[in-house]
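Undergrad: Provided below for reference: sequence and predicted model.
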Amino acid sequence: MLRALPASVRLRVVLVCLSLFAGACGLNAAGLGSPGDGGSELPPWEADGIVETDAGPDADAEPEVDVEPEAEADADAGPDVEPEAEADADAGPDVEPDVEPEAEAEADAGPEDAGEAEAPTVCDPGGLDDTCASDVIRRCRPDGGGFDEVWCAFGCSGSGSSVRCFELDVPNVADDSLLWAGTAPFSAPAARAVLFETDTGAIRAWDAVGAELPRIRAAGEGDIDGIGFAVESQGGGAPDLGIWSFGEFRVPAGLDVIGRGSRAMVVLSAGEVRIEGRVLVGGSEAVLAGATWVGHDEAGPGGWPGGAAESRGGGPGGGGAGSEGSGSVDSGGGGGGYGGVGGTGGEASGHGGGD
């Protein structure tokens, strides 16, 4: 009984069997017939009509020799097919890169396509939708995509394109930004008198006994220690302005603030202003701090200088000349005030001049 074998192997087995069968039934070289007919006698092993063959070796050769190598050959033929399968499997990556970049390109196209779409317009960039409420202006953005909020320190007014923040208009000062130029408060806790020098921007101070204290501000324009100073021209023959800028300006009771110089004194404060003492800006005001007069070294507007020793003071209403008495020389008379304060008279022999 043959085992299940490939067709080529089975064909070989059939051919082998046929050849064996033909050999067993083939003609003898001595011819056919009996000895009486002149034929040769049958071999002893064919006399009884029995054909004895040793099919064992042939049967063994068929499956073991002829079949097994063929089966091995057929088994070895597998790799001839497997590389093709591997090639097919390897073909996958060749296809995937061709598809994935396209998919990635399509995915990347999404944001670009979305970016091309215009943002919805929610307000009028021309300002028709702008509003003012609770000191806050809601102003439409230039692209119309939404609103920006602007807080107004002094409130706001209007609606639509006319909405605006209120701003302080500083009178007599061209540059309104000087209102915010100072950050430090005015403070002179130990002073009796404080002098603002409009020609230099310096701020000096004296205590109650007449001793000068460290300067509150040095001379010079710009921001010094948080206190700003600027000069502006008014034009039209009016005096220039000497402008100080503070964060707050408070003058406590018992303190005198004096302005002196050729420029008019201007004080700006971005914060609270409280005057409990005195602010003297008449140009000829003087404050006595101990034995020191602060703010009155020269004649005020319309005043005349004082006279030299033993001379009368200048100008209408000037003081008379000092007279000699008790062996001493008197000082000169004070100058005429002419509606203001006259200059101090000249000194003589250590004596102060007249006022």
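TA: Received the coordinates, thanks. Numbering: from 1, shown residues only.

Undergrad: pretty sure residue 247 is in contact with residue 226, am I right?
TA: Yes. Shown here, residue 247 and residue 226 form a contact pair, counting by CB atoms under 8 Å, at 7.0 Å. Every C-beta, even on glycine, is put in place using the N, C-alpha and C of the backbone.

Undergrad: Of those two, give the one with the bigger neighbour count.
TA: More neighbours surround residue 247 than the other of residue 247 and residue 226, with 17 against 14 (other CB atoms under 10 Å).

Undergrad: bridging residues for residue 185?
TA: Following DSSP bridges, residue 185 is listed with bridge partners residue 248.

Undergrad: wait, isn't it in contact with residue 251?
TA: No. Assessed by CB under 8 Å, residue 185 is found out of contact with residue 251, at 11.4 Å.

Undergrad: out of the two, which sits in the more crowded spot?
TA: Neighbour tally, residue 185 and residue 251, criterion other CB under 10 Å: the higher count belongs to residue 251, 19 against 15.

Undergrad: quick one, what contacts the more buried one?
TA: Shown here is residue 251, whose contacts under the criterion CB atoms under 8 Å, 6 or more residues apart in numbering are 186, 257, 274, 275, 276, 277, 278, 279.

Undergrad: 10 Å instead?
TA: 186, 188, 194, 257, 267, 273, 274, 275, 276, 277, 278, 279 (CB atoms under 10 Å, 6 or more residues apart in numbering).

Undergrad: Tell me the pLDDT of the fourth one.
TA: Just to be clear, that refers to residue 257. On the pLDDT scale, residue 257 is placed at 95.

Undergrad: Which strands and helices lie in contact with whichever strand or helix holds it?
TA: Take DSSP states H and E as the rule and residue 257 turns out to sit in strand 256-260. In this structure, strand 256-260 packs against strand 193-197, strand 203-206, strand 264-269, strand 278-280, strand 287-289, strand 292-294, with contacts taken as 3 or more CB pairs under 10 Å, 6 or more residues apart in numbering; DSSP states H and E.

Undergrad: Would you agree residue 196 is in contact with residue 188?
TA: No. Here residue 196 does not reach residue 188: they are 11.1 Å apart, not a contact under CB atoms under 10 Å.

Undergrad: that older thread, can you lay out the contacts of residue 251 as a markdown table showing distance to residue 124 and neighbour count?
TA: Formatted as a markdown table, the contacts of residue 251 follow (distance: CB to CB, whole Å; neighbours: other CB atoms under 10 Å):
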| residue | distance to residue 124 | neighbour count |
| --- | --- | --- |
| 186 | 47 | 22 |
| 188 | 54 | 21 |
| 194 | 55 | 24 |
| 257 | 52 | 25 |
| 267 | 44 | 19 |
| 273 | 42 | 14 |
| 274 | 46 | 11 |
| 275 | 48 | 13 |
| 276 | 52 | 10 |
| 277 | 54 | 18 |
| 278 | 56 | 15 |
| 279 | 51 | 17 |
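
Undergrad: Domains in this structure, by residue range?
TA: For the chain, the structural domains run 131-165, 188-294, 298-355, going by automatic domain parsing.

Undergrad: Make a markdown table out of those and add distance to residue 123.
TA: As requested, these are exported to a markdown table (distance: least, CB to CB, whole Å):
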| stretch | distance to residue 123 |
| --- | --- |
| domain 131-165 | 4 |
| domain 188-294 | 34 |
| domain 298-355 | 59 |
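
Undergrad: among those domains, which is nearest residue 120?
TA: domain 131-165 (7.4 Å; CB to CB).

Undergrad: for the domains of the chain, which one sits closest to residue 121?
TA: Using CB to CB, these put domain 131-165 closest to residue 121, at 4.0 Å.

Undergrad: gap between the two ends of the closest one?
TA: 11 Å (CA to CA, to the nearest Å).

Undergrad: my guess is residue 192 meets residue 295, correct?
TA: No. The criterion here is CB under 10 Å, and residue 192 misses it with residue 295 at 11.8 Å.

Undergrad: list residues touching both of those two?
TA: Common neighbours of residue 192 and residue 295 (CB under 10 Å, 6+ apart) are 206, 256, 287, 288, 289.

Undergrad: Looking at those, which one is closest to residue 138?
TA: residue 256 (49.2 Å).

Undergrad: give me the beta-bridge partners of the closest one?
TA: According to DSSP bridges, beta-bridge pairing links residue 256 with residue 193, residue 278.

Undergrad: Next one: it from residue 205, what distance?
TA: 11 Å (CB to CB, to the nearest Å).

Undergrad: got any residues that touch both of those two?
TA: By CB under 10 Å, 6+ apart, residue 256 and residue 205 have these common neighbours: 191, 192, 193, 194, 195, 289, 294.
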